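Enquirer: predicted model, plus sequence, below.
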Amino acid sequence: MKIVIFGATEVGCLLATEFFEDHDVTIIDNDENRKEEFSRLDISFVQGNACDMKALKQADINNADIFIACTPLDEANIVACLAAKKISGIRTICFVTKEEYKNTLYFEKNSGLNSDFFIDYIIWPEELLTQEIFRIVTVAQALDVENFADGRARLLEYKVEQNLPIVDKKIKDCKFTNDTLIVGLTRGGELFIPNGETIIKAEDKLIFMGTAHSLDILAGTFFHEKEYVKSVAIIGGGEVGLMLAQNLETLKIKTKIIEADYERCEKISQELKHTLVINGDGTDLKLLDEESINECDVAISVTNNDERNLLCSLISKQLGVKRVISRVSKVLNIPLFEKVGIDIAISPKNSAINEVKNDLAENDVDILATVEQGKGEVLEITVKPEFSNKKVMELRFPAPAIIGVIIRKNKVLIPKGDTELKYDDIMIIFTKSESAEDIKEFFKVK
């Protein structure tokens, strides 16, 4: 596949390095100094502006399959995508930073007008970030949450505290709930696929898949005493903070927002019905103490500044908040946040990159989610006739992987070794990202 990327931004570079080994990648950017950097990776570089037809033609847009515009300028991304579409009818992916652009472009695409002049896929990273944080917030103590089969199956990730009864036990001896599987374990920053003989250690992060009901029981039994999140504090009243508060209001979760800009406070207070809006500095220890932030189940720092988010999160943790979530703009900062004790560090750029990866996946394979900063992937693969009636235990995967869920005619199954696959079953498979291609290839019809 030939991919053309407009913008040597952090997102553009992450996408290029993600795809260049298996695809022909070209980057268009005005900064000529980046040319040597990309040539070392066997990535073609065109100096120029993709809003200019000359630059697009120089990037061989007529023979490309995908065009991705991810510069910091929404208007440039939109014009470039429309220009690429006009020249070659190529599939276009456009990054935007404003909700109004996303809504307008989505309306144009779905307006029913007989026109080829539209953008195929619009990505607003802040919206994806909000959705990801919201999923995590609603499950007490979870580090990651993904929903499958309309919420009937789930992936949950938890950290193993020192006082848990499962510490130093083999997985097979832990007596986890039925319809639940451990599909991944992260220890010392390394993710691997465990088995029944794997011994669980304190500070491990365990990734479970199973039915929603069984995982609720598992969570309440092993990882937290109270079942529901009742109160949340949000530091930062920007678009992400506002959208989060609106979503939390729908669940009747007691929410407060701390925002430094008074005019912004006035605006968001008019859009929120049940959220307490506080004008103040989220790094003010006295303010956070007076607002009893330690009594909140979760504190979320979502300003647009990494340093401020880190400081707000550390203060919240110091005051006794059990679970702290922080927005991280620079993907490379995520390990730092986690190393100093932030429970969950999430980047809108990672969320957006995952969307692009899924959009580029094969028609019969979807990437439903990635975990542990892209180290693990959840694949959705449909069973071909050649694998029908085979038992799970008979499959000889070329790399470690676990079938966590099977969806069969609207029924959710958590497979065991003797479970037989059926034609058209939908398998939800967990594996390491480096092994994903091998697993996809294994299920392809030769």
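Expert: Yep, it's here.

Enquirer: pLDDT below threshold where in the protein?
Expert: Within the chain, the stretches with pLDDT under 70 are 107-117, 224-227, 361-365, 445-446.

Enquirer: how's it carved up into domains?
Expert: Per the record, the chain has its domains at 2-123, 128-132+229-350, 142-222, 364-442, by automatic domain parsing.

Enquirer: can I get those in TSV including distance to residue 356 and mean neighbour count?
Expert: Where you see a C-beta, it was placed from the backbone N, CA and C, and this is true even at glycine. Shown next, in TSV, are the domains of the chain (distance: least, CB to CB, whole Å; neighbours: other CB atoms under 10 Å):
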stretch	distance to residue 356	mean neighbour count
domain 2-123	6	18
domain 128-132+229-350	11	19
domain 142-222	18	17
domain 364-442	10	17
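
Enquirer: indicate which one of these is closest to residue 358.
Expert: Closest of the domains of the chain to residue 358 is domain 364-442, at 4.5 Å (criterion: CB to CB).

Enquirer: so what touches stretch 249-267?
Expert: Applying CB atoms under 8 Å, 6 or more residues apart in numbering, the contact partners of stretch 249-267 are 137-138, 229-238, 241-242, 245, 248, 268, 272-282, 287-288, 291, 296.

Enquirer: could you pull out the strands for the stretch 1-150 of the chain?
Expert: 2-6, 24-29, 44-47, 66-69, 91-95, 121-123, 144-148 (DSSP state E, counting those that start in this stretch).

Enquirer: so how far is the shortest one off the chain centroid?
Expert: So the one you mean is strand 121-123. Remark: strand 121-123 is offset 15 Å from the chain centroid, using CA atoms, centre = their mean, to the nearest Å.

Enquirer: do stretch 429-446 as well
Expert: Taking CA atoms, centre = their mean, one finds stretch 429-446 lying 20 Å from the centre of the chain it belongs to.

Enquirer: in helices, which of the contacts of stretch 249-267 fall?
Expert: 137, 241-242, 245, 248, 268, 287-288 (DSSP state H).

Enquirer: any idea how far residue 286 is from residue 333?
Expert: Residue 286 sits at a distance of 27 Å from residue 333 (criterion: CB to CB, to the nearest Å).

Enquirer: and if you look at residue 141?
Expert: Distance from residue 141 to residue 333, by CB to CB: 24 Å.

Enquirer: again with residue 69
Expert: To residue 333, residue 69 is 25 Å away according to CB to CB.

Enquirer: the stretch 251-400 of the chain: strands as residue ranges?
Expert: Ranges of strands in the stretch 251-400 of the chain, per DSSP E, counting those that start in this stretch, are 254-259, 276-279, 298-301, 323-327, 344-346, 365-371, 376-382.

Enquirer: what lies in contact with the last one?
Expert: The contact list for strand 376-382 (CB under 8 Å, 6+ apart) reads 146, 148, 155, 184, 191, 207, 364-371, 404, 424-433, 436, 439-440, 443.

Enquirer: partners of it in the sheet?
Expert: Partners of strand 376-382 in the sheet, by DSSP bridges, are strand 365-371 (antiparallel), strand 426-432 (antiparallel).

Enquirer: tell me what angle it forms with strand 144-148.
Expert: 0 degrees (axes from the mean of the first three to the mean of the last three CA atoms, to 10 degrees).

Enquirer: now for the residue nearest to residue 265 when sequence neighbours are not counted: which residues touch it?
Expert: Nearest non-adjacent residue to residue 265, counting by CB to CB, 6 or more residues apart in numbering: residue 279, 4.5 Å away. Residue 279 sits next to 259-262, 265 when contact means CB under 8 Å, 6+ apart.

Enquirer: make TSV out of the residues you listed and add distance to residue 81.
Expert: Formatted as TSV, the contacts of residue 279 follow (distance: CB to CB, whole Å):
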residue	distance to residue 81
259	33
260	35
261	32
262	37
265	36
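
Enquirer: in helices only, show me those residues.
Expert: Here DSSP H is the test, and the contacts of residue 279 give 262, 265 as lying in helices.

Enquirer: now distance to residue 357 too, for the domains of the chain, in CSV please.
Expert: Listed next are the domains of the chain as CSV, based on distance: least, CB to CB, whole Å:
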stretch, distance to residue 357
domain 2-123, 7
domain 128-132+229-350, 10
domain 142-222, 15
domain 364-442, 5
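
Enquirer: so for residue 328, which of the strands of the stretch 1-150 of the chain sits nearest?
Expert: Of all those, strand 144-148 sits nearest to residue 328, with 14.8 Å by CB to CB.
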